[in-house]
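> mind looking at a prediction? Sequence and model below.
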Amino acid sequence: MTKYAQKMAGGAAALLALAATAVADIKLNDNITISGWATGSYQYTKWSPGTNVDSFNLDGAQLTSVITPVVKGPVTATVSLFYRPGAEGGVSPGGSEITLLDAFVAYDAGGGVTVTAGKFLSYLGYESFYFINDNMITLANQQLLAPIPGYHEGIKVDYAPDKTTTVGAAVVDSLFQKPGYNATAGDGEFKHTGGVEGYVQYTGVTDLTIWAGIGYSSKVKPGMDTSGVIDPAGSTVAVYDVWASYAIDKTQNIAVEEIYKDGGVGNKGSNWLVYYQYLFSDKASAWFGVSGEQVSSYSVSDGEGGFVSASGPKYIKYSFSPTYALTANVSLRAQYSYTKYSNFSVNNANFFGVEALFKF
């Protein structure tokens, strides 16, 4: 473990040195602003039964630019570049590590209506696609069913009739990713695999946010969602997502989520999470999490013309993750998790990680 500790310390020092030279906000002119983030971590997992697995990587980075017309009006354009190292799967089957992530134009039609067209992130999911915004180093779920989509291309309309309610709907090329692209792109074809999403959000109760959404894809082919559609011809997939967050007081926050996915045989079930945060000071905080996921039981052929029931895998995960903000732009985070599995290839897993986070 000594060599990993030395390597981790050196990598963190390099990242912090880089961050120290950056500015908090970058406004190139009145029409172009840029922002970005990067995270790097050391992660160690002990599987039982199984071997120890560890990694030390720059986990990901993103640079985003928002462009408004020379004559300010209702149109803005957003483009971003995303880096994901090959050691973490990259962003394409060919091993590419950089991709165009966001690429969309938004039009403010007035009356609370915004129309967006291009490549954008799915509405679904309490936890973020962007590592910099997550509560912990690892996600609470997504190990088995992976119900939350990533990026896709299409058109969406968002409507805020008042200050407490927002609704939105999107028509996209595919609900889930195309194989090998690490959730950074849809399949680019609406005719056979098109998808839709919709949501409603309500903030009319002080310090409470309630969100509910749905996603549906006309056909998801094997390999296009992480858990794996079994039917070679593909299957329709529906995802139902409900979450809520509440600020108990100035030092405590809580969040809960329930997701149900129906993606056909062996790809149906639910996951859930409960998060609690305590702020010790303006720099130090910690998240505590309990989460779980279960694939529904299903019938498989016994090879003799009959069927037998197969129990779906499931797990429950307990997590603790403290964070300390060194500056407004640089933070350090740690995480320990214990996961107990059933009907799975391993019985349990212990995870430990440390992470440096930088944003501007």
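Yes, it's here.
> gap between residue 327 and residue 164?
In this structure, residue 327 and residue 164 are 34 Å apart, going by Cβ to Cβ, to the nearest Å. Glycine gets a C-beta too; all of them are placed from N, C-alpha and C.
> now do residue 337
Residue 337 sits 35 Å away from residue 164, taking Cβ to Cβ as the criterion.
> swap in residue 171?
Distance of residue 171 to residue 164, given as Cβ to Cβ: 26 Å.
> who's more crowded, residue 337 and residue 164?
Neighbour comparison, residue 337 and residue 164: the larger count goes to residue 337, with 21 against 12 (by other Cβ atoms under 10 Å).
> so which bits of the helix or strand harbouring that one are buried?
Element membership for residue 337 (DSSP states H and E) is strand 330-342. Neighbour-count burial for strand 330-342 flags 330-331, 333-335, 337, 339, 341 (criterion: 16 or more other Cβ atoms under 10 Å).
> distance between stretch 161-168 and the chain's centre?
Centre-to-centre, stretch 161-168 and its host chain are 23 Å apart (Cα atoms, centre = their mean, to the nearest Å).
> okay, how far is it across it, tip to tip?
Using Cα to Cα, to the nearest Å, the end-to-end distance of stretch 161-168 comes to 11 Å.
> which residues does it contact?
Stretch 161-168 has contacts (Cβ atoms under 8 Å, 6 or more residues apart in numbering) with 112, 123, 156-160, 197-204.
> out of the residues you listed, which end up buried?
Taking 16+ other Cβ under 10 Å as the criterion, what is buried in these is 123, 156-159, 197-199, 201.
> state the distance from residue 168 to residue 155.
Per Cβ to Cβ, residue 168 is found 11 Å from residue 155.
> which one of these two has more residues nearby?
Neighbour count, other Cβ under 10 Å: between residue 168 and residue 155, residue 168 has more, with 18 against 14.
> host element of the more buried one?
Using DSSP H and E, residue 168 sits within strand 165-172.
> can you pull the buried residues of the helix or strand following that strand?
Following strand 165-172 in sequence order, the next helix or strand is helix 190-193 (DSSP H and E). By neighbour count on 16+ other Cβ under 10 Å, the buried set for helix 190-193 is 190, 193.
> just the mean pLDDT for helix 190-193, thanks.
Averaging pLDDT along helix 190-193 yields 76.
> export stretch 237-255 to PDB, keeping only CA atoms.
This file holds the C-alpha atoms of stretch 237-255, laid out as PDB (Å, rounded to 0.1, in the frame of the first residue of the first chain):
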ATOM      1  CA  VAL A 237     -37.700   0.100 -22.100                       C
ATOM      2  CA  ALA A 238     -39.600   2.300 -19.700                       C
ATOM      3  CA  VAL A 239     -38.000   4.100 -16.700                       C
ATOM      4  CA  TYR A 240     -39.900   5.800 -13.900                       C
ATOM      5  CA  ASP A 241     -38.000   8.100 -11.500                       C
ATOM      6  CA  VAL A 242     -39.100  10.000  -8.400                       C
ATOM      7  CA  TRP A 243     -36.900  11.900  -6.100                       C
ATOM      8  CA  ALA A 244     -37.100  14.600  -3.400                       C
ATOM      9  CA  SER A 245     -34.600  16.700  -1.500                       C
ATOM     10  CA  TYR A 246     -35.100  18.700   1.700                       C
ATOM     11  CA  ALA A 247     -33.000  21.200   3.600                       C
ATOM     12  CA  ILE A 248     -33.800  20.300   7.300                       C
ATOM     13  CA  ASP A 249     -31.900  23.400   8.500                       C
ATOM     14  CA  LYS A 250     -28.700  25.300   7.700                       C
ATOM     15  CA  THR A 251     -26.500  22.200   8.600                       C
ATOM     16  CA  GLN A 252     -28.600  19.200   7.400                       C
ATOM     17  CA  ASN A 253     -30.000  18.000   4.100                       C
ATOM     18  CA  ILE A 254     -31.700  14.800   3.100                       C
ATOM     19  CA  ALA A 255     -32.500  13.300  -0.300                       C
END
